[in-house]
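Engineer: Fold the following.
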Amino acid sequence: MGSVKDLEVLMKPTKDKTGIGRFHFSDKYSVFDWGEMPDLIENKGSVLCMMGAYFFERLGEKGIRTHYRGVIQDGKLVHMDELKAPTSTMEISLVRVFHPHRSAGKLAYDYGVFSPNLANFLIPLEIIYRNGLPKGSSVFERLNAGLKPEDLGLSYPPRPGDKLKKPVFDVSTKLEERDRYVTWVEAQELAGLSDGEVGEIKNILLHINDLITETASKAGLENEDGKVEFGFDPHRKPMVVDVVGTLDECRFTHEGIHVSKEIARQYYRETSWYKDVERAKKEAGIKGIKEWKVLCESKPPKLDPNLRKFISEMYMAAANEFTGIHLFEVPRLAEILDNLAYYPP
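Structural biologist: Numbering: from 1, shown residues only. Just a heads-up that it's a prediction; the model follows:
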């Protein structure tokens, strides 16, 4: 399925019924759409599964529909309060996935399949909530490329580190070769959404954002931004899919220090490989080439071993504090951050 978790299909979804599948989270990681990177981050898979399960169960308590069915331990489907040890396998309900048709030789896509009458499918969008604009936010690249502050609902040119008075909801495509930001009007048209469905999705997003913010604050973290994906069930009711609230889906900070996958991104931004990636993506866009990686002149280096160990401990400590369960044998998150001996510029 993706570069950090694999999907096992136990029962395929149909037009009228959801299927059943299992996410097998791995210790792999990905940055800048490269896919599998050259090393592993110990226990990252179990951490993502535990944090995702925790938020799905809290959302379920609030009456918000999700595709979560439970986690797998000793071959049995259980919930968090029944776990004896961390697990990296989550069971989910599956919806149908329709890919927009790509025009031959062009990076243009036809979303005609997403009609208002379609049900039981993955909505082909990624929705991003933003409470702040930390260093590294893609917003600044887009502003440099011509995006206007008012397009984000802002009345001023933002600066790295700014906190927003109220959340901003951004949206991008999900199933194209490379995600691209679109306006809400474009997103609604692409996915065949009604005004009411857009309003309902945004309302659910507010609740998710509030839950993640409240949970992160207990761990001493600020919830800067995060992405959420949705599907429609067989009755075309929205439900939250993939996972939410993890250090891969969200950007958290502690006194300006990133506590998320952003740390790895910052490390790699200082490498020559990152420059090659940016060059390859730009060239592929100009030439209409789908596989931009074939144009990249180098491979990513491994993470610095000290940084890799730090990221692993940071992920495990965050899982302990977000869930309130001592899942992993690591010091408290604040202690890990205080003792940080190495941090990428």
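
Engineer: Run a quick neighbour tally on G19.
Structural biologist: Each residue near G19 was counted by other Cβ atoms under 10 Å, and the total is 16. C-beta: built from backbone N, CA, C; applies to glycine.

Engineer: Would you confirm that it contacts H67?
Structural biologist: No. Checked against Cβ atoms under 8 Å, the pair G19 and H67 is beyond contact range at 10.0 Å.

Engineer: Common neighbours of these two, please.
Structural biologist: Shared contacts of G19 and H67, defined by Cβ atoms under 8 Å, 6 or more residues apart in numbering, are found at 93-95.

Engineer: From those, keep the buried residues only.
Structural biologist: Among the shared contacts of G19 and H67, those scoring as buried are 93-95 (criterion: 16 or more other Cβ atoms under 10 Å).

Engineer: In terms of secondary structure, what does the one helix or strand Y54 maps to contact?
Structural biologist: If you go by DSSP states H and E, Y54 is part of helix 44-61. On a contact count with 3 or more Cβ pairs under 8 Å, 6 or more residues apart in numbering; DSSP states H and E, helix 44-61 meets strand 19-25, strand 68-73, strand 89-94, helix 195-218, helix 305-323.

Engineer: try 6 Å this time
Structural biologist: On a contact count with 3 or more Cβ pairs under 6 Å, 6 or more residues apart in numbering; DSSP states H and E, helix 44-61 meets strand 19-25, helix 305-323.

Engineer: need the helices for this protein, in chain order.
Structural biologist: Counting by DSSP state H, the chain has helices at residues 44-61, 138-144, 184-191, 195-218, 262-269, 272-287, 305-323, 333-338.

Engineer: what about the helix holding Y54, average pLDDT?
Structural biologist: Helix 44-61 shows a mean pLDDT of 97.

Engineer: and if you look at stretch 120-138?
Structural biologist: Throughout stretch 120-138, pLDDT has a mean value of 92.

Engineer: Buried residues, that stretch. List them.
Structural biologist: Within stretch 120-138, the residues that qualify as buried are 120-134, 136-137, counting by 16+ other Cβ under 10 Å.

Engineer: Output that stretch as CSV, restricted to C-alpha atoms.
Structural biologist: What follows is stretch 120-138 as a C-alpha-only set of coordinates in CSV (Å, rounded to 0.1, in the frame of the first residue of the first chain):
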residue,chain,number,x,y,z
ASN,A,120,-18.4,3.1,-0.3
PHE,A,121,-15.2,4.6,-1.6
LEU,A,122,-12.1,6.5,-0.6
ILE,A,123,-12.5,10.3,-1.0
PRO,A,124,-9.5,11.2,-3.3
LEU,A,125,-8.3,14.1,-1.1
GLU,A,126,-5.9,14.7,1.8
ILE,A,127,-7.2,17.4,4.2
ILE,A,128,-4.8,19.3,6.3
TYR,A,129,-5.6,21.3,9.4
ARG,A,130,-3.2,24.1,10.4
ASN,A,131,-3.0,25.6,13.9
GLY,A,132,0.4,27.1,13.3
LEU,A,133,3.0,27.6,10.6
PRO,A,134,6.2,26.1,11.9
LYS,A,135,9.5,26.2,10.0
GLY,A,136,9.4,23.6,7.3
SER,A,137,5.6,24.1,6.6
SER,A,138,4.9,23.7,2.9
